[in-house]
Structure formats: structure tokens, C-alpha cells
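Chemist: pasting a predicted model and its sequence here:
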Amino acid sequence: MLKKVLIITYYWPPAGGIGVVRWIKFVKYLRNFGWEPVVYTVTGKGYPLKDTSMEKDIPMNLTIIRRRIWEPFRLYQFFLKNKNESEKLDDIKWRSNATFSQNLSNWIRANLFIPDARAFWIKPSVRFLVNYLKTNPVDSIVSTGPPHSAHLIALGIKKRTGLNWLADFRDPWTTMDYYKELLLTKWANKKHHRLENEVLNEADVVTVVSNGMKTEFESKRGREVVIVTNGFDSDDFSGEKIELDQDFSIMHAGSFYSRVNPTGLWKALLELKEENHPMFSKLKIKLMGRVGADVIESIHAYGLHEFLILIPFQPRDEAVKQIRSAQVLLLCVLEQARFVLTGKLFEYLAAQRPILCIGPKEGDAAKIIRETSSGLSFSFDEVKSIKQYLVDLYIKFEKGDPFNNWNNVQNYSHKLLAKQIADLLNQSTNAHHLKS
């Protein structure tokens, strides 16, 4: 008989984007390892991105509990009604060129909706789920964040029921790269840290996606934190053979924030253009998803706009095809996010196309790229080295040489990672029963 686990997640189909992938894939495989998932999520009307193609991964007869949530996002959109979608990517921080109403909306969002804009989901969810569990018992609960409000729902349930609890962090909380740019008062900052510490200390198991997050959270928690990386589903990358782009395409997939604008790459390309390098007869810069205004402005400023192709957000199946067909895959990592491993990296690994990583060379993403021999990493100002790597990749492109040096990529399959989650749930629930 399968054990039951209640999974609290904000992102669930029809939500689109990489945030939904981790746990829909774990749910897909958990039954193989002795656990029956029960998913608690929202009705999904307010998702900014939608993608019904991932619904195929939902197991048959899965119990999904959807509840309405009041989000202040519509009010926030009112303040930003004259802004285009790309500009909204960076609106949470104070901007000197923003209007008073825009900065006021940012201040309200940062200080009144703690830990995030889904704060009004917490208390009603705790009440509902505590009652639900009285007649529908489970063996364990899981919360996944961000949004970190999901962890506070699980915290409330833990306090009232004593159930075993695994808190899964896909991103950091108070050390996330944009956290210092929030317009936080001292009171709000203190509250964020207090809530973060309470979650870390009350959860029976804490999982994170990278070594850096493990080190950070273990220093705060005072006991073990377990790494369960993001990954990829082999099913998504099987099937029909994908033809590579005929152009020398440099592809970035997913939201491209202005704060990770790789100006060193644009400068390297400009220098090659001024040298009349032959790659410019076939170059395409393909940015798929939402793109920050500063990124687009930089591409224009460096005279590369004629090579730019903007592709709107795509359903997952189409996005995977685009990634698999690209000649080069671009990953940008901010210094402050050097310990964050995005799901995008593992999709890139599965696509088996060469990766160009712009970011901290000693970061966790760079480490995995080295371990898997899947590409090279450069700091933002290494223009000369970036330039040489592009030249080397273009030579291989012209010769039709395969890029096939990957090592140990299968270690990051979602099926193996789901087994790791199941093993952690088994260990923690068994230990929990012994304590009771």
C-alpha cells in the first residue's frame, strides 16, 4: 500500500514556466517509489504564464485540491498599466526613472505582502487543510517555494498536526539576488528573516537545489540540509529527431532579466562583427520568453539588433524543440545568485547542445558545466575569452563536428531525483514515528 504525501505548491498546470517543472515531474514518478501524492494548489486563474502541454505529466487519478486565492497582483498591474511586459520583469526594485505610483506599488508589495504576494493564501489554506486531513490522513507533507508562502502553510499545519514535513527550496529566501533591491523597511526585513528561520528549524527535512544553498541553510538551521538538484525528464527529450538550426544560433530560453544582462557577450560579438568574422553571415541571437528592456536596449546599443529574434513564451513541448535545435545555449548567472541552480541548466544538459555560461566561474552552475563537460563558463567581463569560445564553436558549426563530450548527465534525471525524494520521505517518516 502506498504512503500518502500532501504537496503544497503554488505552481501547477495550467501554470507555465520553469517553476512548475520540478514538482510535476517528481509527482509523475513518486508512485514508482511507494508514495501517492496529493497536490494542494490554487485555481490558477492568476498565473502570468500558462502552458497546458504539461498536463500530460499529471498521473491518472491524482488527487488535486484547488482553492481560490486573492492576489494583489491586479492592483499591482494597475500601477504598471502603461508598461510593457518586458519592463515589468524588474519592477520590484526602486527605479529612479519610475513614476511615484510605480515606486509606491513596489514599496507596498515588498512591505505589506510578506513573505510574498501570495500571503493571503496562508491562513485560509491552513484552516482548510487541517480540517481536510482529519478525514483524509497523509503520512507526510511537502512544501515547495518560492513562493515561500507555501512553506508558511506547511508550518501552520505542522504546528497543529505534528505531521512530518519536508520543506523544499528551489531558490534562497533572504539571500536571493534581488532581495537587497526590495524596498524593505527594517521591520519587514526582520520579519522575513524570522519566518525563514522558523521554517528551517521546524521542518523535519530541508532540501535545496545546490551546494551553496546547502551551506547557507545549514549555518542557519544548525543541522543537515539535503541537496536534491533540479533535473530533466528523459521523456521530454526522446522521440523524433530534431534538426539543428541552419544558422549559428545563440539561444536563451526563459525569462531574461535585465540584472543578468551579459554585456561582455554583446561586446565580444561586436568586436567579431567589426573584424568581419564569417559567423555574422549566419548569426542569430534567439531570446525565447520574457526579456528585460535593458537586455534589448544593450543589443541595439552594440549594433546587434539585426541578428536578434525575439520569441514569445512557448508551451513546454515547443520550447524543448527550440532548445534542442539551437547551436549554442546561453545561461546567465548573477554573482549574487552563484549558488542558485535554475531548472534551465538541466534542460540545457538534456538537450546536449554546447552551453555558454556567463557568470561566476566558481558558482554551482559553472561547477556542473565542468563536471558534465557540457560547455564553458566565463565571468561577465571576460570579453576576450568569450570571443575565442564563440570562434571555436563556430568552427565546429561550419565543419559539422558533433559536440558530444557529456559526462554523467543521467545523474540529473527527474526519475532518479524523485527516488531521492521518496527515500528522504521514508527516512523522515520512520524517524518521526519512532519519536511519537
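Modeler: Arrived safely.
Chemist: quick check: buried residues in the lengthiest helix in the chain?
Modeler: When the chain is parsed with DSSP state H, its longest helix is helix 414-435. By neighbour count on 16 or more other CB atoms under 10 Å, the buried set for helix 414-435 is 414-415, 417-422, 424-426, 428-429, 432. In short, each C-beta sits where N, CA and C put it, glycine included.
Chemist: cool, and stretch 40-48?
Modeler: 40, 41, 42, 47.
Chemist: again, but for stretch 118-138
Modeler: Under the neighbour-count rule (16+ other CB under 10 Å), stretch 118-138 has 118, 119, 121, 122, 125, 126, 129, 132, 133, 138 buried.
Chemist: for the closest residue to residue 355 other than its chain neighbours, grab the count of nearby residues.
Modeler: With sequence-adjacent residues excluded and distances taken as CB to CB, 6 or more residues apart in numbering, residue 355 is closest to residue 375, at 3.0 Å. By other CB atoms under 10 Å, 24 other residues sit near residue 375.
Chemist: residue 7 too?
Modeler: 27.
Chemist: equivalent analysis for residue 162, please.
Modeler: Count around residue 162 with other CB under 10 Å applied: 11.
Chemist: now swap in residue 303 and tell me
Modeler: With other CB under 10 Å as criterion, residue 303 counts 13.
Chemist: next one: residue 289
Modeler: Neighbours of residue 289 using other CB under 10 Å come to 21.
Chemist: pLDDT score assigned to the closest residue to it other than its chain neighbours?
Modeler: Spatial nearest neighbour of residue 289, excluding adjacent residues (CB to CB, 6+ apart): residue 254 at 4.7 Å. For residue 254, the pLDDT comes out at 89.
Chemist: for residue 98, same thing?
Modeler: Taking residue 98 on its own, its pLDDT is 57.
Chemist: as a check, name the ranges of all strands in this protein.
Modeler: 3-8, 35-42, 63-67, 140-145, 164-169, 205-208, 226-227, 248-253, 283-288, 308-311, 328-332, 355-358, 375-378 (DSSP state E).
Chemist: columns distance to residue 218 on top of the ones you listed, output as CSV?
Modeler: What follows is the strands of the chain, written out as CSV (distance: least, CB to CB, whole Å):
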stretch, distance to residue 218
strand 3-8, 23
strand 35-42, 26
strand 63-67, 33
strand 140-145, 18
strand 164-169, 12
strand 205-208, 9
strand 226-227, 10
strand 248-253, 32
strand 283-288, 36
strand 308-311, 40
strand 328-332, 26
strand 355-358, 26
strand 375-378, 25
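Chemist: wait, which of those strands is closest to residue 265?
Modeler: strand 355-358 (5.8 Å; CB to CB).
Chemist: how far out from the middle of the chain is the closest one?
Modeler: Here strand 355-358 is found 17 Å from its chain centre; the criterion is CA atoms, centre = their mean, to the nearest Å.
Chemist: so which elements touch it?
Modeler: In terms of contacts (3 or more CB pairs under 8 Å, 6 or more residues apart in numbering; DSSP states H and E), strand 355-358 is packed against helix 263-274, strand 328-332, helix 343-351, helix 364-372, strand 375-378, helix 383-399.
Chemist: contacts for the longest one next, please.
Modeler: If I follow you right, that is helix 383-399. Applying CB atoms under 8 Å, 6 or more residues apart in numbering, the set of residues contacting helix 383-399 from outside is 248, 264-265, 267-269, 271-272, 277-279, 282, 327-328, 354, 356, 358, 376, 378, 403.
Chemist: the second one now?
Modeler: Where contact means CB under 8 Å, 6+ apart, the residues beyond strand 328-332 that reach it are 248-253, 256, 260-262, 265, 323, 342, 344-345, 348, 351, 353-359, 365, 375, 390, 393.
Chemist: OK, contacts around residue 11?
Modeler: Applying CB under 8 Å, 6+ apart, the residues contacting residue 11 are 17, 19, 20, 23, 41, 47.
Chemist: okay, the residue lying closest to residue 166 once chain neighbours are set aside: pLDDT?
Modeler: In this structure, residue 166 finds its nearest non-sequential neighbour in residue 205, 4.3 Å apart by CB to CB, 6+ apart. With respect to pLDDT, residue 205 scores 97.
Chemist: neighbours around residue 205, how many?
Modeler: What residue 205 shows, counting by other CB under 10 Å, is a neighbour count of 23.
Chemist: can you tell me how far it sits from residue 430?
Modeler: 12 Å (CB to CB, to the nearest Å).
Chemist: and what of residue 66?
Modeler: Counting by CB to CB - residue 66 and residue 430 are separated by 31 Å.
Chemist: and for residue 202?
Modeler: 19 Å.
Chemist: what's the answer for residue 363, then?
Modeler: 36 Å.
Chemist: tell me where the stretch 1-150 of the chain has helices.
Modeler: 21-30, 73-79, 85-88, 100-112, 122-135, 149-161 (DSSP state H, counting those that start in this stretch).
Chemist: lowest-confidence stretch among those helices?
Modeler: helix 85-88 (a mean of 39).
Chemist: for residue 113, give its distance to residue 36.
Modeler: For residue 113 relative to residue 36 (CB to CB), the value is 34 Å.
Chemist: residue 157 contacts residue 164, correct?
Modeler: No. Proximity of residue 157 to residue 164 does not meet the contact threshold set by CB atoms under 8 Å, at 10.8 Å.
Chemist: what do those two both touch?
Modeler: Common neighbours of residue 157 and residue 164 (CB under 8 Å, 6+ apart) are residue 141.
Chemist: ok, residue 306 - how many residues close by?
Modeler: 11.
Chemist: for residue 409, same thing?
Modeler: 19.
Chemist: so who does it touch?
Modeler: 349, 350, 352, 372, 374.
Chemist: before we move on, what about residue 249?
Modeler: 284, 285, 286, 325, 326, 327, 328.
Chemist: what about the fourth one, distance to residue 388?
Modeler: Read that as residue 325. In terms of CB to CB, residue 325 sits 25 Å off from residue 388.
Chemist: of those two, who's got more company?
Modeler: residue 325 (17 against 14).
Chemist: the more buried one contacts residue 246, correct?
Modeler: No. Shown here, residue 325 and residue 246 do not form a contact pair, counting by CB under 8 Å, at 9.7 Å.
Chemist: separation between residue 323 and residue 231?
Modeler: 15 Å.
Chemist: swap that for residue 147, sorry
Modeler: Taken as CB to CB, the span from residue 147 to residue 231 is 21 Å.
Chemist: these two: who's more crowded?
Modeler: Neighbour tally, residue 147 and residue 231, criterion other CB under 10 Å: the higher count belongs to residue 231, 29 against 19.
Chemist: leaving out sequence neighbours, find the closest residue to residue 339.
Modeler: residue 212 (2.1 Å).
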